[in-house]
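Visitor: Here is my input; please provide its structure:
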Amino acid sequence: MLSAESGFFDYRFNVTNRETRVVQDLLKPLQAVARSLLIAFICLVVASSAGFGRESTLYTVSNVEVDVTAKDASTAKLKAISEAQVKAFRVLAERLGGPEAVTAVEYLDAAEIGRMMSSLSIQSEKSGPGRYIGKLSIAFLPDKVRHAFAQFGVSYSEERAPRIVILPVWNGPEGPVAWEDNAWRKAWLSLNTENDLVPVMVPLGDLDDSETITPEQALRGDAVKLESLKLRYEAEAVLVAIAEPNGETAIRAVMSGASPLGTVAFDKVFDGAEGGLDAAAAMAAQRFVALLNEKWKAASAGSPQQAAPIQTVAVTVPFRSLGQWNAIRAQLLSVQGVAQVDVTTIASGGARIRLGFTSDFGELKQSLAVVGMKLIDIKGAWVLQPL
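Guide: Numbering: from 1, shown residues only. Predicted coordinates:
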């Protein structure tokens with residue numbers, strides 16, 4: 001006795017080739033429509049997910065550390081979750097509104113904060129008799145948080161800066177290192193700031209990174225190599241963060257260059273005291289990121305402005321080789337305020353370009369000086385030269 005399934009296949013086997021072609025011809029238009037609908041649906045989902053993901057990551061606080069003791073492990077865990085919610089919400093308030101926001105919402109209790117939470121995930125945990133140690137990630141409901149901020153009169157910003165890549169280089173007595181394990185790189189990796197208003201990320205340090213740029217090239221500010229790193233991580237800028245020991249417990253941290261937040265100039269000494277170089281490195285990295293966020297909040301606090309119009313100027317760029325030209329072009333594109341570099345003519349000894357910029361001409365010259373370049377007027381024509 002044939003099953004329904006076997007009968008179905010028997011029926012298909014008995015269909016003639018001509019009938020099969022007729023059915024296929026009838027199905028072709030339907031298949032085309034189905035494909036179009038599927039593509040449209042996927043695009044809609046991806047677009048929605050991108051927008052939601054950007055907002056949800058801003059309202060997600062990861063790596064919230066808790067260490068709680070109680071009468072038993074179960075009670076300790078519940079207490080830890082409550083404590084983590086409060087800690088995470090204060091981090092979020094600091095992220096969006098700064099220290100004033102933290103002060104404004106400090107009287108919210110764990111229950112009120114818990115009602116604003118959308119999800120909680122445990123990144124790592126250890127428990128024992130009467131103790132719970134964990135690292136948690138907590139996401140909050142944006143509308144609930146906005147409502148709470150409105151109630152307390154908190155001024156905040158949700159506008160995020162473009163991604164910035166920080167390349168930490170430790171310049172110790174044995175020479176510079178970037179990808180090997182060291183206190184300076186550890187300090188940056190521990191920050192976990194990709195969800196901040198200014199998303200800061202540290203390169204993975206894999207083989208591709210080490211082949212893209214060496215510590216020596218990073219110290220020299222090799223424009224071509226840094227541009228390659230920027231393209232790999234789809235970032236708006238790459239800043240090299242250099243640290244060197246300054247005595248037994250202190251470091252000197254130096255960072256400079258152009259970024260979406262303007263020209264960055266950071267040169268400070270941090271003393272880790274009893275914590276040594278590790279503590280000093282952590283202090284320096286945390287302070288630098290805090291300054292970036294403060295700068296971005298101040299820049300985005302005003303009313304939205306239209307994009308500045310692009311002005312252009314004809315510039316002659318002398319060079320000795322194609323490699324030098326590529327380096328100059330990459331360096332120009334990294335300069336704050338430069339919008340485009342259009343080549344008019346190019347020959348073995350130089351190029352004629354139209355340099356597009358959004359700042360005024362004086363600011364453009366100052367930004368060029370930061371990367372070691374200057375514009376000089378030679379008989380009525382602008383020429384780009386090294387400082």
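
Visitor: Which element, helix or strand, includes Lys126?
Guide: Here Lys126, judged by DSSP states H and E, is contained in strand 117-128.

Visitor: Put the alpha carbons of that strand into CSV.
Guide: Extracted as CSV, the C-alpha positions of strand 117-128 are listed here (Å, rounded to 0.1, in the frame of the first residue of the first chain):
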residue,chain,number,x,y,z
MET,A,117,15.7,47.7,32.4
SER,A,118,15.0,45.8,29.2
SER,A,119,17.5,42.9,29.5
LEU,A,120,20.3,41.5,31.6
SER,A,121,23.0,39.0,30.6
ILE,A,122,25.7,37.5,32.6
GLN,A,123,29.2,37.8,31.0
SER,A,124,31.0,35.8,33.7
GLU,A,125,30.2,34.7,37.3
LYS,A,126,31.6,32.8,40.2
SER,A,127,29.7,31.8,43.4
GLY,A,128,30.5,30.2,46.6
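
Visitor: Quick one: end-to-end distance for stretch 240-251.
Guide: One end of stretch 240-251 sits 16 Å from the other (C-alpha to C-alpha, to the nearest Å).

Visitor: residues in contact with the strand holding Lys126?
Guide: For strand 117-128, contacts defined as C-beta atoms under 8 Å, 6 or more residues apart in numbering pick out 59, 62-63, 73, 76-77, 81, 84-85, 132-141. For the C-beta atoms, the positions are set from N, CA and C on the backbone; glycine is no exception.

Visitor: Counting neighbours, what do you get for Leu333?
Guide: Residues within reach of Leu333, counting by other C-beta atoms under 10 Å, total 15.

Visitor: let me fix that: Lys135
Guide: 15.

Visitor: Likewise for Ala253?
Guide: The tally of other residues near Ala253 (other C-beta under 10 Å) stands at 24.

Visitor: For the stretch 151-300 of the chain, which segments count as helices?
Guide: Applying DSSP state H, counting those that start in this stretch to the stretch 151-300 of the chain gives helices spanning 183-189, 207-212, 215-220, 223-232, 276-300.

Visitor: how about CSV for these, with mean neighbour count, mean pLDDT and distance to Ala104 added?
Guide: Listed next are those as CSV, based on neighbours: other C-beta atoms under 10 Å; pLDDT from 0 to 100; distance: least, C-beta to C-beta, whole Å:
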stretch, mean neighbour count, mean pLDDT, distance to Ala104
helix 183-189, 22, 91, 30
helix 207-212, 13, 92, 41
helix 215-220, 16, 91, 41
helix 223-232, 18, 90, 37
helix 276-300, 19, 85, 15
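
Visitor: Adding distance to Met373, write the ones you listed out as a markdown table.
Guide: Shown next, in a markdown table, are these (distance: least, C-beta to C-beta, whole Å):
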| stretch | distance to Met373 |
| --- | --- |
| helix 183-189 | 28 |
| helix 207-212 | 23 |
| helix 215-220 | 15 |
| helix 223-232 | 10 |
| helix 276-300 | 24 |
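
Visitor: Which one, of the ones you listed, ends up nearest to Val370?
Guide: helix 223-232 (12.5 Å; C-beta to C-beta).
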